[in-house]
Each structure stands twice: as C-alpha cells, then as structure tokens.
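> After the sequence you'll find the predicted model.
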Amino acid sequence: MEVLHADAPQLFHGLTHRALPLVVLSANSGVMGLALLTRRRHVAARRAAALAVAAILWAWGAARYPAMPVGGVTVDQSASRPAVLSARLIALACGAVLVIPALWLLYATFQRVHTGEAPRTRGRSSS
C-alpha cells in the first residue's frame with residue numbers, strides 16, 4: 001500500500017475513500033474463498049473468487065472515476081456519438097446470438113456425467 005500511495009496518490013485516495021466498500025468486499029470474498037477451499041467446497045470457492053475479482057475491478061473503476069486511464073480525459077469527454085454506440089450495441093447483440101448457444105453447447109457437453117462404458121455400435125464388430 002505504501003508503494004501505491006507513493007506512485008499513484010490519486011488512485012490510492014480513490015481506493016481508500018470512494019471505492020473502499022468494494023475493496024473490503026473483495027478482501028472478504030478472497031478470505032471466504034480460501035476458507036471454502038479448506039472445507040473442499042469448490043463450487044462456492046469459485047463463486048467467492050469470481051466475486052473478489054469482480055469487486056476489485058469495480059473498485060479500480062470507482063477509484064478512477066471520472067478520470068479515464070488516458071491522461072486527464074473524463075468519461076464525458078471520451079464518450080462516442082450515439083450512432084457509434086448504437087452500432088456497437090447491434091454488433092454486440094449479433095455476436096451474442098452466435099456465441100451464447102455455442103458456449104451453452106460446450107458447457108452442456110462437458111458437464112454430462114459419463115458412465116465409463118464404451119459407446120455401442122450397430123452391426124458387426126471388427127474383431
């Protein structure tokens with residue numbers, strides 16, 4: 001924390017003031033995830049780890065707000081025109097139509113319970 005205070009005082013101030021609840025949530029989620037791992041509750045530990053990462057990313061954004069990472073540009077100054085935003089949303093929707101069913105099929109395929117039996121084929125075997 002001392003290095004962050006010395007190298008990025010604005011970020012340090014944001015993380016210790018505006019974004020402090022998100023930093024605390026991230027720390028608590030991380031500790032909870034480790035505790036869940038010791039109890040072999042892997043699914044819950046995964047969720048806690050995801051929450052910890054998401055909270056610290058949101059904390060970084062909240063600490064930097066309204067300044068953007070590029071110089072002294074604010075959010076309002078860096079916003080695109082409405083036509084560009086509409087085009088991006090349309091492209092995002094088209095991509096989601098293609099990607100979401102593929103991901104669902106991928107996850108469904110690998111989450112099935114396998115019995116360990118070889119698949120049965122019709123007809124004669126080669127032996």
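Everything's here; your move.
> Can you say which helix or strand has the most centrally placed residue in the chain in it?
Centrality entry for the chain: nearest residue to the mean C-alpha point is Ala54, 5.4 Å, by CA atoms, centre = their mean. Element membership for Ala54, per DSSP states H and E: helix 42-64.
> elements contacting that helix?
Secondary-structure packing of helix 42-64 (3 or more CB pairs under 8 Å, 6 or more residues apart in numbering; DSSP states H and E): helix 9-16, helix 20-38. For glycine as for every other residue, the C-beta is placed from the backbone atoms N, C-alpha and C.
> Neighbours of Glu2, how many?
By other CB atoms under 10 Å, the residues close to Glu2 number 7.
> Could I get the buried residue list for stretch 49-56?
Neighbour counts over stretch 49-56 (16 or more other CB atoms under 10 Å) mark Ala49, Leu51, Ala52, Ala55, Ile56 as buried.
> Report the distance from it to the chain centre.
7 Å (CA atoms, centre = their mean, to the nearest Å).
> Please apply the same query to stretch 59-76.
How far stretch 59-76 lies from its chain's middle: 19 Å, per CA atoms, centre = their mean.
> what's the answer for stretch 81-88, then?
The answer for stretch 81-88 is 24 Å, by CA atoms, centre = their mean.
> residues in contact with it?
Residues outside stretch 81-88 that contact it (CB atoms under 8 Å, 6 or more residues apart in numbering) are Ser80.
> Can you dump the C-alpha atoms of that stretch in PDB for me?
Extracted in PDB, the C-alpha atoms of stretch 81-88 (Å, rounded to 0.1, in the frame of the first residue of the first chain):
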ATOM      1  CA  ARG A  81     -21.500   9.700 -30.600                       C
ATOM      2  CA  PRO A  82     -25.000   8.000 -30.300                       C
ATOM      3  CA  ALA A  83     -24.700   6.400 -33.800                       C
ATOM      4  CA  VAL A  84     -21.400   4.700 -32.900                       C
ATOM      5  CA  LEU A  85     -22.800   3.400 -29.600                       C
ATOM      6  CA  SER A  86     -25.900   2.100 -31.500                       C
ATOM      7  CA  ALA A  87     -23.700   0.300 -34.000                       C
ATOM      8  CA  ARG A  88     -21.600  -1.300 -31.200                       C
END
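> Can you list the buried residues in that stretch?
Buried-residue list, stretch 81-88, by 16+ other CB under 10 Å: empty.
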